[in-house]
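Chemist: need a structure here:
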Amino acid sequence: MALADIHHSEEKWEQLVSAVREVKPAVVAVAGDLLPKSNGTLAQSGYLPHLKDCALAIKDAGAELVLILGNDDNQLLIPEMEKGDEQGLWHYVADKVKEIQGYWFCGCPWIRDYPFAYKFWVAPGSPEEVYINRVQLGPPLLINKNNEIETIPDLKSYLESKMSIKESLHNMADQVADISKSIWLIHEPPAYMGLDHCATGEKVGSPVINQFLMEKQPLLSIHGHIHEAPKYNGGIWVGKIGRTVCIQAGQQDDDLYYTTINLTDAGVINLKHSIYGDF
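Modeler: Below you'll find the model as predicted:
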């Protein structure tokens, strides 16, 4: 099973547990934005016990949970995600490579700049490209170690100090033994495929991610970030870049949006969306 953006509502994790018990997948891959913001981003740590309960239920159902955080998740949760990995609740693969059931899983939570204020997960696309969105809905912000909001005094300098998305992706690719058997959880969708279609009509996917997938040709990439993309792009939730199958399930309404995929020696087959049906 592949999906993202479970933070869309508090009920989504319970729905995922129910879906896992019904579908019985070997692996559940969640490409970021895990925790609801019902009480604000600063309060997300209060949801961790429930997240762990759901992760344990998924494990008890026979599935391995692979995940990353996303741009709406409080970065102070990173140590908790790593601890959950050590405890065997899930595989946390942000900027990591892990072999799971014969496949190499890699995770990239980083996104290029967007209008929203919380910028911890924002990074340059490449060392040469420091993109700043022309629309900003407020001053750029971070969350400090005391779980308090801080303003970023100079967004350009802040971004220039960070590793780029391109560097993160290529660093992981260099550690993969067989790229053709790798599965990438990349929170931001690639450009030019319709998987990045916003309700406003803007297409905000990353050219760097598209180029990386074209160059490296992994087996599968799983994306999120733009919840409404399938609704506004005519129902597109899957596409191909060369041999790489790219999935963006979306996350709308009350029902859980997820995809199911069979992986065989012949590649990716039998793709199905919980709402949109067979591919």
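Chemist: for the stretch 1-150 of the chain, which segments are assigned as helices?
Modeler: 12-23, 48-60, 78-86 (DSSP state H, counting those that start in this stretch).
Chemist: between these, which one is closest to residue 256.
Modeler: helix 12-23 (3.9 Å; CB to CB). Every residue, glycine included, has its C-beta placed from N, CA and C.
Chemist: and the closest one, how far out from the chain middle?
Modeler: Taking CA atoms, centre = their mean, to the nearest Å, the mean C-alpha location of helix 12-23 is offset from the chain mean by 18 Å.
Chemist: please apply the same query to stretch 222-238.
Modeler: The answer for stretch 222-238 is 13 Å, by CA atoms, centre = their mean.
Chemist: ok, stretch 245-256 next?
Modeler: 12 Å.
Chemist: distance between the ends of it?
Modeler: 21 Å (CA to CA, to the nearest Å).
Chemist: which ones are touching the nearest residue to residue 50 once chain neighbours are set aside?
Modeler: Leaving aside its chain neighbours, residue 50 sits nearest to residue 13 (6.9 Å; criterion: CB to CB, 6 or more residues apart in numbering). By CB atoms under 8 Å, 6 or more residues apart in numbering, the residues touching residue 13 are 6, 50-51, 54.
Chemist: so where's the stretch 1-150 of the chain shaky on pLDDT?
Modeler: Scanning the stretch 1-150 of the chain for pLDDT under 70 picks out nothing.
Chemist: which residues of it fall in strands?
Modeler: 2-3, 27-31, 64-68, 91-92, 97-100, 103-108, 141-143, 149-151 (DSSP state E, counting those that start in this stretch).
Chemist: how far is the last one from where the chain is centred?
Modeler: Relative to its chain's centre, strand 149-151 lies at 24 Å (CA atoms, centre = their mean).
Chemist: one more: stretch 167-180?
Modeler: Using CA atoms, centre = their mean, the offset of stretch 167-180 from its chain centre is 17 Å.
Chemist: by neighbours, which of the contacts of residue 13 wins?
Modeler: Within these, residue 6 tops the neighbour count with 27 neighbours, counted by other CB atoms under 10 Å.
Chemist: now do that residue against residue 174, distance only.
Modeler: 30 Å (CB to CB, to the nearest Å).
Chemist: check residue 101 too.
Modeler: From residue 101 to residue 174 the distance is 22 Å (CB to CB).
Chemist: equivalent analysis for residue 219, please.
Modeler: 17 Å.
Chemist: which one of these two has more residues nearby?
Modeler: residue 219 (19 against 9).
Chemist: follow-up on the earlier one: just put the helices of the stretch 1-150 of the chain in a markdown table and tack on distance to residue 117.
Modeler: Formatted as a markdown table, these follow (distance: least, CB to CB, whole Å):
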| stretch | distance to residue 117 |
| --- | --- |
| helix 12-23 | 24 |
| helix 48-60 | 23 |
| helix 78-86 | 20 |
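Chemist: to residue 255, which of the ones you listed lies closest?
Modeler: Of all the helices of the stretch 1-150 of the chain, helix 12-23 comes closest under CB to CB, at 7.4 Å.
Chemist: now the closest one: buried residues?
Modeler: 12-13, 15-17, 19-20 (16 or more other CB atoms under 10 Å).
Chemist: do the same with stretch 133-153
Modeler: So stretch 133-153, judged by 16+ other CB under 10 Å, has buried residues 140, 143, 152.
Chemist: from the middle of its chain, how far away would it be?
Modeler: 21 Å.
Chemist: could you do stretch 180-197 as well?
Modeler: On CA atoms, centre = their mean, the centre of stretch 180-197 falls 9 Å from the chain's centre.
Chemist: endpoints of that stretch, how far apart?
Modeler: Start-to-end, stretch 180-197 (CA to CA) is 28 Å.
Chemist: make 551 the starting number, not 1.
Modeler: Right, with 551 as the first residue, what we last looked at is stretch 730-747.
Chemist: what's the most distant pair in the buried residues of helix 562-573?
Modeler: 562 and 570 (12.5 Å).
Chemist: could you dump the contacts of residue 563 to a markdown table with distance to residue 621?
Modeler: Compiled in a markdown table, those are given as follows (distance: CB to CB, whole Å):
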| residue | distance to residue 621 |
| --- | --- |
| 556 | 14 |
| 600 | 21 |
| 601 | 17 |
| 604 | 21 |
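Chemist: next, the buried residues of the strand or helix carrying residue 716.
Modeler: Per DSSP states H and E: residue 716 is located in helix 715-723. The neighbour-count check on helix 715-723 (16+ other CB under 10 Å) flags 715-719, 722-723 as buried.
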